[in-house]
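J.: Structural data only, the sequence is not supplied:
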């Protein structure tokens with residue numbers, strides 16, 4: 001059985017392939033947001049639209065897309081593996097990711113989309129989570145947003 005790889009799933013898979021167990025669920029969500037924000041609004045790197053097509057709202061802990069967790073769940077055990085390290089963390093359960101051994105789709109992204117993702121990976125992917133969160137919370141879409149406001153789509 002093959003599962004259609006949506007852009008959101010392809011980007012998640014791409015980030016996991018590049019960053020692997022450096023990703024937590026929180027970091028993955030923030031990197032997806034940054035990637036889509038740069039793609040849509042970036043002056044130099046932008047393409048005038050998001051890569052994933054996901055909608056982000058200002059949720060309890062910053063930018064959040066309700067589309068991400070179902071995509072992760074559909075991919076878990078195939079394209080990616082999700083692990084709960086069961087360590088206590090002030091951010092809740094600590095999930096990390098690895099590439100799965102049974103991918104059902106290929107990553108099909110344009111060179112420009114990959115360039116944006118690689119920029120985000122290189123600039124933000126290795127940043128400590130606290131620093132990444134400060135940067136995201138101070139981003140333009142978050143400045144005047146209220147909880148539950150749509151901040152990017």
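T.: Cool, got the structure. This is a predicted model, so every value here is computed, not measured.
J.: Tell me how far residue 119 lies from residue 20.
T.: 19 Å (CB to CB, to the nearest Å). Yep, even glycine has a C-beta here, placed from its N, CA and C like the rest.
J.: higher neighbour count, the two?
T.: When neighbours are counted by other CB atoms under 10 Å, residue 119 and residue 20 differ, and residue 119 comes out ahead with 17 against 14.
J.: Run through the residues that contact the more buried one.
T.: Shown in contact with residue 119 (CB atoms under 8 Å, 6 or more residues apart in numbering): 38, 45.
J.: mind checking the SS state of it?
T.: Under DSSP: H, G, I helix; E, B strand; the rest coil, the three-state class of residue 119 is helix.
J.: Please apply the same query to residue 58.
T.: Quick answer, by three-state DSSP: residue 58 is strand.
J.: quick one: the residue nearest to it when sequence neighbours are not counted and residue 69, what's the gap?
T.: Nearest non-adjacent residue to residue 58, counting by CB to CB, 6 or more residues apart in numbering: residue 145, 4.2 Å away. Residue 145 is 21 Å from residue 69, where distance means CB to CB.
J.: out of these two, which sits in the busier spot?
T.: residue 145 (18 against 12).
J.: Surely that one touches residue 59?
T.: No: using CB atoms under 8 Å, residue 145 is not in contact with residue 59; the gap is 10.3 Å.
J.: what's the spacing between stretch 142-153 and its chain's center?
T.: Here stretch 142-153 is found 17 Å from its chain centre; the criterion is CA atoms, centre = their mean, to the nearest Å.
J.: Report the buried residues of the helix or strand in which residue 142 is found.
T.: Counting by DSSP states H and E, the element that carries residue 142 is helix 140-143. The neighbour-count check on helix 140-143 (16 or more other CB atoms under 10 Å) flags 141-142 as buried.
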